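Chemist: Below: sequence and its predicted model.
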Amino acid sequence: MTLPSDLTEIIKQRIETAIPNAQVDVMAGGDRHYALKVISESFANMTQVKQHQLVYATIKDLMSGNDAPIHAIDKMDLRAS
């Protein structure tokens with residue numbers, strides 16, 4: 001999988017595309033680990049599990065396989081606006 005060098009921007013763009021009007025912050029950790037903060041009114045009527053599923057669905061291909069560019073999301077802070 002070939003990706004631009006700034007994977008944090010790719011992650012941010014994918015989440016913003018899937019969840020319009022979301023405020024997204026992506027922080028890179030070490031060794032392919034990331035932390036996410038997403039604030040969206042779309043989360044208002046969703047369970048926490050559904051919120052996580054929605055966000056993970058946007059990046060699942062980036063987490064698939066042995067050479068995946070994302071190894072883990074260490075922290076996911078999701079909030080309804």
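Modeler: That came through fine. A quick note: this is a predicted structure, and the numbers were derived from the prediction, not measured.
Chemist: Strands of the protein, start to end?
Modeler: Ranges of strands in the chain, per DSSP state E, are 23-28, 33-39, 72-79.
Chemist: In TSV, list the ones you listed along with mean neighbour count and distance to Q51.
Modeler: For every residue, glycine as well, the C-beta is placed using N, CA and C. Listed next are the strands of the chain as TSV, based on neighbours: other Cβ atoms under 10 Å; distance: least, Cβ to Cβ, whole Å:
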stretch	mean neighbour count	distance to Q51
strand 23-28	15	13
strand 33-39	18	8
strand 72-79	14	5
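Chemist: Switch these over to CSV; also include distance to V49.
Modeler: As requested, the strands of the chain are exported to CSV (distance: least, Cβ to Cβ, whole Å):
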stretch, distance to V49
strand 23-28, 20
strand 33-39, 15
strand 72-79, 11
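Chemist: Quick one: closest of the ones you listed to T8.
Modeler: strand 23-28 (4.3 Å; Cβ to Cβ).
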